[in-house]
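Asks: Got a predicted model here, sequence first, then my questions.
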Amino acid sequence: MLILSCFFLLSCGKRKKEISRTLSVGVFKKEISSLKEYFQIPGMAVLVKKDDEIIYEDYLGYSNVETKTKLDSTSLFPIASLTKVFSGISTMALVEQGKLALNTPANYYFESAPFEPTVQLEHLLSHTSQGVPPGEQFYYSSRFGALTKVIETAAETSFENVLNQQIIQPLRLKHTFLLKDSVTINSRKEVFAKPYLVKDTIQNGFVDFGYSSSAGVVSTARDLLKIDNALDANVLISEASKNQMFTPYKDDLPYGYGIFSETFLGKRLIWAYGQYDCYSSLWLKVPSDNITIILLANNNLMSDPARLIYGNATSSLFVISALKNLVFDSTDIPLFSNNQTAYNGSSDLHRENLRAQALAASFMARFDSKEMDHSIQLLRLLFSKYPNYLEYANLALLHNLLFLKEVAFHMEMEELIEFDQQIVEIGEHLLQKHPENPYANYYLASFYEKKERVDKTAFYYQRIVEAKNFSNFWYTSEAKQWLASQKNN
């Protein structure tokens, strides 16, 4: 009788978990569909693995809107910066083979010595090569692309051969290759997801041909899952190398070697994203829960609105949906909040959900002015419900606040001044930690430029221009252009 009772209790417990999972996956499925519609994504591949089992796989929408060609498991997507994961694996494999050392000065591989002498390979691989000294700060950088030559030199073969020999061939990835040119695409039998742009309406886009260690791989959700399984099983690299790859370069930084790594509510999030002008992708792992989520899309709005370049996974509504439904069992938190679906509770997850919504709405405001009002309402709720905003302030929130001002300016609306106090306080708070942060300096310069505060504007733009060991980027060009215009006046 005791044995039967124990068996019954175990069966009931297992049954409850199965019911809970079914409900959670069901909510996630509905929310993914809602996100696809909200961001006007023509087609999406969705795959979720739990404990070595695929618990949800779907192919939503079209690879070609005009011909109504449906997506399927073999539909090809350019995965953009998810290529960095391939490069991270290849680099760690070369380290294991004794063909390169991560502490080697990066200039060793380049006759022109393009980097500061103290920049090492591990700094390029971890996006910590900028700033003084290198290795202290995370700034997502195009310098990662320099690893193409490093990998080729160390392996004594082409980057393409390295990926084929170390990853593609061993795992028998039939739908994974480098995006060389249109001939490469046209020679394939599989359906290639057509690129799209959103400009008020869904419009035909273009393919970014070419490849490097930073971007250029084409793949499918199932092929990426094979890589994920191989990493879990330590097939491609050793467990020690994988752990090094998955560990932040420094405890307070969000990036390891070729992949993001951060902790949220006690859970380690291992993730990567891709963003072309007309494609986006997401690869999220929660090792403690044995969960992997892979998403591919044929426009850029799965990544661009979330400003994932700053290193915060929870800035993405796609990540929020995955976490609240599949990890934290918080299906009661509505992904999209409005006055009718207000959530009365409070939690860090709810706070991040509000932030991600407000950020997304500010981006979508360029297409629909109603979204601007929605973002403002969400920010009001955020600051009201969670008033200690300096405790959770980051670049994504600052971007959100400044972007709303930009939208109002370009729409020739009355100046939005409601959040000016938060902008100044958050910007200065971030710069107290990292005075040379180019994004925070740019945002404050832009803020004061619209206030016609020339002294303040010049101060922050000058910081960008004078920052040591930073590569020129769009913010450098804009800072130089403004400073030059003042000299000519």
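Replies: That came through, no problem.

Asks: C-alpha from now on. contacts and neighbour counts both.
Replies: OK.

Asks: OK, contacts around residue 442?
Replies: Contacts for residue 442 (Cα atoms under 8 Å, 6 or more residues apart in numbering) come out as 460-461, 464, 475, 479.

Asks: And it, how far from residue 395?
Replies: Distance, residue 442 to residue 395, using Cα to Cα, to the nearest Å: 11 Å.

Asks: coming back round to it: just the closest of the contacts of residue 442 to residue 193, please.
Replies: Set against residue 193, the nearest of these by Cα to Cα is residue 475 (32.5 Å).

Asks: Hmm, residue 438 and the closest one touching each other?
Replies: Yes. Using Cα atoms under 8 Å, residue 475 is in contact with residue 438, at 7.1 Å.

Asks: Can you pull the residues that touch both of these two?
Replies: The contact sets of residue 475 and residue 438 overlap at residue 464 (Cα under 8 Å, 6+ apart).

Asks: Please report how far residue 77 lies from residue 223.
Replies: 11 Å.

Asks: So, low pLDDT: which residues of this structure?
Replies: Residues of the chain that meet the criterion pLDDT under 70 lie in 1-20, 338-342.

Asks: just the strands in it please.
Replies: Along the chain, counting by DSSP state E, strands occupy 43-50, 53-64, 69-70, 77-78, 177-178, 196-199, 201-204, 217-219, 260-264, 267-275, 280-286, 291-297.

Asks: Distance to residue 351 for the ones you listed - can I get that in JSON lines?
Replies: Formatted as JSON lines, the strands of the chain follow (distance: least, Cα to Cα, whole Å):
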{"stretch": "strand 43-50", "distance to residue 351": "25"}
{"stretch": "strand 53-64", "distance to residue 351": "27"}
{"stretch": "strand 69-70", "distance to residue 351": "36"}
{"stretch": "strand 77-78", "distance to residue 351": "33"}
{"stretch": "strand 177-178", "distance to residue 351": "40"}
{"stretch": "strand 196-199", "distance to residue 351": "28"}
{"stretch": "strand 201-204", "distance to residue 351": "31"}
{"stretch": "strand 217-219", "distance to residue 351": "34"}
{"stretch": "strand 260-264", "distance to residue 351": "12"}
{"stretch": "strand 267-275", "distance to residue 351": "17"}
{"stretch": "strand 280-286", "distance to residue 351": "20"}
{"stretch": "strand 291-297", "distance to residue 351": "22"}
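
Asks: Alpha carbons only: can I get stretch 466-475 in PDB?
Replies: C-alpha atoms of stretch 466-475 as PDB (Å, rounded to 0.1, in the frame of the first residue of the first chain):
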ATOM      1  CA  GLU A 466      39.200  62.300 -26.900                       C
ATOM      2  CA  ALA A 467      38.500  58.800 -25.500                       C
ATOM      3  CA  LYS A 468      41.600  56.700 -25.800                       C
ATOM      4  CA  ASN A 469      41.600  53.300 -27.500                       C
ATOM      5  CA  PHE A 470      38.200  53.500 -29.100                       C
ATOM      6  CA  SER A 471      37.500  52.700 -32.800                       C
ATOM      7  CA  ASN A 472      35.700  55.300 -34.800                       C
ATOM      8  CA  PHE A 473      31.900  54.600 -34.900                       C
ATOM      9  CA  TRP A 474      28.800  56.600 -35.800                       C
ATOM     10  CA  TYR A 475      28.900  58.400 -32.500                       C
END
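
Asks: Can you give me the buried ones in it?
Replies: For stretch 466-475, the neighbour count (16 or more other Cα atoms under 10 Å) marks 467, 470, 475 as buried.

Asks: same thing with stretch 174-192?
Replies: Residues 175-179, 185, 191-192 are the ones in stretch 174-192 that count as buried (16+ other Cα under 10 Å).

Asks: what distance separates it from the centre of its chain?
Replies: When distances are taken as Cα atoms, centre = their mean, to the nearest Å, stretch 174-192 is centred 25 Å away from the chain's centroid.

Asks: Just give the nearest non-adjacent residue to residue 427, would you?
Replies: Counting by Cα to Cα, 6 or more residues apart in numbering, residue 427 lies nearest to residue 440, which is 5.7 Å off, once chain neighbours are set aside.

Asks: these two touch, right, the one you found and residue 394?
Replies: No. Counting by Cα under 8 Å, residue 440 stays clear of residue 394, with 9.4 Å between them.

Asks: what is in contact with these two at once?
Replies: Common neighbours of residue 440 and residue 394, counting by Cα under 8 Å, 6+ apart, are residue 430.

Asks: who has more neighbours, these two?
Replies: Between residue 440 and residue 394, counting by other Cα atoms under 10 Å, residue 440 is the more crowded of the two (25 against 18).

Asks: How about the contacts made by the more buried one?
Replies: For residue 440, the contacting residues are 395, 398, 427, 430-431, by Cα under 8 Å, 6+ apart.

Asks: Now tabulate those residues in TSV and tack on neighbour count and distance to residue 383.
Replies: Formatted as TSV, these follow (neighbours: other Cα atoms under 10 Å; distance: Cα to Cα, whole Å):
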residue	neighbour count	distance to residue 383
395	20	16
398	22	13
427	24	16
430	20	18
431	17	21
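
Asks: what two of these have the greatest distance between them?
Replies: Most distant of the contacts of residue 440, by Cα to Cα, are 398 and 431, 11.9 Å apart.

Asks: What is the neighbour count of the closest residue to residue 142 other than its chain neighbours?
Replies: Nearest non-adjacent residue to residue 142, counting by Cα to Cα, 6+ apart: residue 214, 7.6 Å away. Applying other Cα under 10 Å, we find 25 other residues in the vicinity of residue 214.

Asks: before we move on, what about residue 269?
Replies: 22.

Asks: top of the contacts of residue 442 by neighbour count?
Replies: Comparing the contacts of residue 442 by number of neighbours (other Cα under 10 Å), residue 464 comes first, having 27 neighbours.

Asks: Next up, the contacts around that one.
Replies: Residue 464 makes contact with 436-438, 441-442, 475-476, 479, according to Cα under 8 Å, 6+ apart.

Asks: Just the closest of these to residue 149, please.
Replies: Among these, residue 476 lies closest to residue 149 (Cα to Cα), at 25.9 Å.

Asks: ranges for the helices of the stretch 201-350 of the chain?
Replies: For the stretch 201-350 of the chain, applying DSSP state H, counting those that start in this stretch gives helices covering 221-232, 239-246, 317-322, 348-364.
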